[in-house]
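Peer 1: Show me the folded form of this:
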Amino acid sequence: MKKREMAVEGQPKPLLWVATPQRLIAIDMSKLKINHYKDASKLKINHYESRDFEIHSLLVFRMLNLVENEFPFGMCFFIRDSKLYMVGGEKPRQGASPKLYPHLKNVGHDESFGDRGLSPYVYVLDLTGLDSSTDLDLLKHHTSMLAAKPTPIVKEIEGKIYVLSGTPSQSYCLLLTPTFEVYDPLIEQWKPLPEPPFYREGCSNCQEFKVIDHSVLGTTIYVLTFNLMDNFYHYYSYNVNEGNWKFLGESEDKLPVPYNFKPTFTGKFVPGYNDIYIFFLGDIPYAALIPSNDRSPTRYQALNEVDGALYHRQVASYSGLVVQLGEHEMCIMKPGFVQAKEGSLRHCHIILYMATFKVEKLLHSSSSAQDRGRKLLRTADTSDVSQTSSHHDNDVQDIRAPFLSITCLSKGFYYLDEWGLEASYICSAFFHQFDLDLRKMIGSAR
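Peer 2: Have a look, this model is predicted:
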């Protein structure tokens, strides 16, 4: 039975929206706290629920199983004008066991849906009122993409939405063109863009190339692909103003972007600090201070105050996610799994490390560095940013000195077993607050 509680008039409801390939989840951020662990370093895998270390269930405000409600698997979303847009994906074959959804290639497509099971559709969830958070009523948008896109990559740049096809789960599926297109919300129209070289060259079999990762710097999208024919990683870029793709070679070291903006890193700028960038390096969260001039090095600081040290010892982890919460506030999420011995059997449990924190610059960090951050956001001029990681003798600041004060607001490990087997992969996440009406009754987490 669901608990019922009365909302306080005028009090915002802080929700973190998280999308996995199969689910849309709203987490009540007001329920999070700092969980203290006596000694995580002594944790043993088969005793991870001991008195020294306890993992709680994450308090979920609302959850929508997309596939069970006839929506595609593996959609990706973007936010525009307090509306959530979910695009693309693949429709599993009807009657298939939900346990197989994370391995969609073993399920097959519902070929009566979209284009042989691949989705060109866009669904919208209105986030402006209470009903949108409780009912989670996704409606099909009146415009669809020009072509279906499985596991899409979606990025907003200068007010427009760029969508690139990912790799379909079925090896026999050919990607439909255009594989790359842009949506202009002002005129509500989709427009085809130049075909990526990695898909054009492998158009007879899309499995020849696989998109591994991506990043965005200014007006340029960087894409890392893997060529299954020659077993090499290839890097490409697309500048939205120039309108063309470029092959950048096979070496990450030669990419014309700062270290922490490469496709293998996940991060975000801190709201209010255009020169502070939070990102994951492996399992460790870091902050980067972007210098105000090209003659100074980028400075880095490990965020030890919110680091989940357990990941370095006991947890097999997946790619982390960084989320902007508000003025100077951030959230980091790191899914993974542990194996626990229960009786004579071993079970795999999906868990999530999650922390929220406030960022404040120390006085000795240069305030003029914000100019550099704004410059990086505006442009990805390779002649400008490629030198930011080099060191120069006339730099008078100690690059090893901390430049941020970090205040932990919440942190802890949480079970994700009820999210489903695909929960270890988080497609995207964002923060939103609702102003609740006193007359409404809301359902809290189960």
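
Peer 1: Please list the residues outside the helix or strand containing G412 that contact it.
Peer 2: Using DSSP states H and E, the secondary-structure element containing G412 is strand 404-415. If you take Cβ atoms under 8 Å, 6 or more residues apart in numbering as the criterion, strand 404-415 is touched by 29, 32-35, 55-58, 276, 287, 289, 301, 303, 305-306, 308, 310, 329, 349-362, 365. (Each C-beta comes from the backbone N, C-alpha and C, glycine too.)

Peer 1: From these, keep the buried residues only.
Peer 2: For these, burial is judged from neighbour counts taken by 16 or more other Cβ atoms under 10 Å, and it is met by 29, 32, 35, 55, 58, 276, 287, 289, 301, 303, 306, 308, 310, 329, 349-359, 361, 365.

Peer 1: Quick check: neighbours of the helix or strand that comes right after the strand holding G412 in the sheet, parallel or antiparallel?
Peer 2: Reading on from strand 404-415 to the C-terminus, the next helix or strand found by DSSP H and E is strand 428-435. Paired with strand 428-435 in the same sheet, following DSSP bridges, are strand 12-19 (antiparallel).

Peer 1: mean confidence score for the helix or strand that comes right after the partner strand?
Peer 2: The C-terminal neighbour of strand 12-19 among helices and strands, as given by DSSP H and E, is strand 23-28. Looking at strand 23-28 alone, the average pLDDT works out to 86.

Peer 1: So which other helices or strands are in contact with strand 23-28?
Peer 2: The elements that strand 23-28 packs onto, with contact taken as 3 or more Cβ pairs under 8 Å, 6 or more residues apart in numbering; DSSP states H and E, are strand 12-19, strand 60-65.

Peer 1: Show me which parts of the longest one are buried, residue by residue.
Peer 2: Burial within strand 12-19, assessed by neighbour count using 16+ other Cβ under 10 Å, is assigned to K13, P14, L15, L16, W17, V18, A19.

Peer 1: how about the fifth one, what does it touch?
Peer 2: So that's W17. Under the criterion of Cβ under 8 Å, 6+ apart, the contact partners of W17 comprise L24, I25, A26, I27, L84, A429, F430, F431, H432.

Peer 1: roughly how far apart are the last one and V323?
Peer 2: For H432, the distance to V323 under the criterion Cβ to Cβ, to the nearest Å works out to 11 Å.

Peer 1: just the fifth one next, same as before
Peer 2: Per Cβ to Cβ, L84 is found 14 Å from V323.

Peer 1: Quick one: end-to-end distance for stretch 280-289.
Peer 2: Between the opening and closing residues of stretch 280-289 lies a distance of 14 Å (Cα to Cα, to the nearest Å).

Peer 1: got the contact list for it?
Peer 2: Residues lying outside stretch 280-289 but in contact with it, judged by Cβ under 8 Å, 6+ apart, are 258, 260, 265-267, 270, 275-279, 298-303, 306-308, 311-312, 317, 319-320, 322, 332, 334, 355, 359, 365, 369, 403-404.

Peer 1: Make a ChimeraX selection of the buried ones in these.
Peer 2: This is the ChimeraX syntax for the buried subset of these, where burial follows 16+ other Cβ under 10 Å:
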select :258,260,265,266,267,270,275,276,277,278,279,298,299,300,301,303,306,307,308,311,317,320,322,332,334,355,359,365,369,403,404
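
Peer 1: Any stretches of the stretch 201-350 of the chain with poor pLDDT?
Peer 2: 201-207, 294, 309-317, 339-347 (pLDDT under 70).

Peer 1: again, 50 this time
Peer 2: Counting by pLDDT under 50, the stretch 201-350 of the chain contains low-confidence residues at 202, 204-205.

Peer 1: where exactly do the strands run in it?
Peer 2: 209-217, 220-227, 232-239, 244-249, 267-270, 273-281, 284-289, 299-302, 316-317, 321-326, 329-342, 345-361 (DSSP state E, counting those that start in this stretch).

Peer 1: Nearest to R116, out of these?
Peer 2: Evaluated over the strands of the stretch 201-350 of the chain, closeness to R116 peaks at strand 209-217, with 20.2 Å, by Cβ to Cβ.

Peer 1: Can you tell me how far R116 is from K91?
Peer 2: Separation of R116 from K91 (Cβ to Cβ): 9 Å.

Peer 1: between these two, who's got more neighbours?
Peer 2: Neighbour tally, R116 and K91, criterion other Cβ atoms under 10 Å: the higher count belongs to K91, 24 against 17.

Peer 1: thinking again about what came up before, what is the nearest of the buried residues of strand 12-19 to L248?
Peer 2: Minimum separation from L248 among the buried residues of strand 12-19 (Cβ to Cβ) is found for A19, which lies at 29.4 Å.

Peer 1: circling back to that earlier point, overlap of the contact sets of R116 and K91?
Peer 2: What both R116 and K91 touch, as defined by Cβ under 8 Å, 6+ apart, is the set H109.

Peer 1: In a markdown table: the strands of the stretch 201-350 of the chain, plus distance to E68.
Peer 2: As requested, these are arranged in a markdown table below (distance: least, Cβ to Cβ, whole Å):
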| stretch | distance to E68 |
| --- | --- |
| strand 209-217 | 28 |
| strand 220-227 | 32 |
| strand 232-239 | 36 |
| strand 244-249 | 38 |
| strand 267-270 | 31 |
| strand 273-281 | 31 |
| strand 284-289 | 34 |
| strand 299-302 | 41 |
| strand 316-317 | 28 |
| strand 321-326 | 24 |
| strand 329-342 | 21 |
| strand 345-361 | 19 |
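
Peer 1: do you know which of these lies nearest R80?
Peer 2: Once Cβ to Cβ is applied to the strands of the stretch 201-350 of the chain, the stretch that comes out nearest is strand 321-326, at 15.8 Å.

Peer 1: which of the residues in that closest one are buried?
Peer 2: Using 16+ other Cβ under 10 Å as the burial criterion, the residues of strand 321-326 that qualify are L321, V322, V323, Q324, L325.

Peer 1: OK, contacts around the closest residue to Y121 other than its chain neighbours?
Peer 2: On the basis of Cβ to Cβ, 6 or more residues apart in numbering, the spatially nearest residue to Y121 that is not a chain neighbour turns out to be S144, at 5.4 Å. Taking Cβ under 8 Å, 6+ apart as the definition of contact, the neighbours of S144 are P120, Y121, V122, W190.

Peer 1: try it again with 7 Å
Peer 2: The neighbourhood of S144, defined by Cβ atoms under 7 Å, 6 or more residues apart in numbering, consists of P120, Y121, V122.

Peer 1: so of these, which ones are in strands?
Peer 2: Among these, the members found in strands (DSSP state E) are V122.

Peer 1: Let me know the closest of the contacts of S144 to K140.
Peer 2: Nearest to K140 among the contacts of S144: Y121, at 5.9 Å, using Cβ to Cβ.

Peer 1: wait, isn't that closest one in contact with L138?
Peer 2: No. Assessed by Cβ atoms under 7 Å, Y121 is found out of contact with L138, at 10.3 Å.
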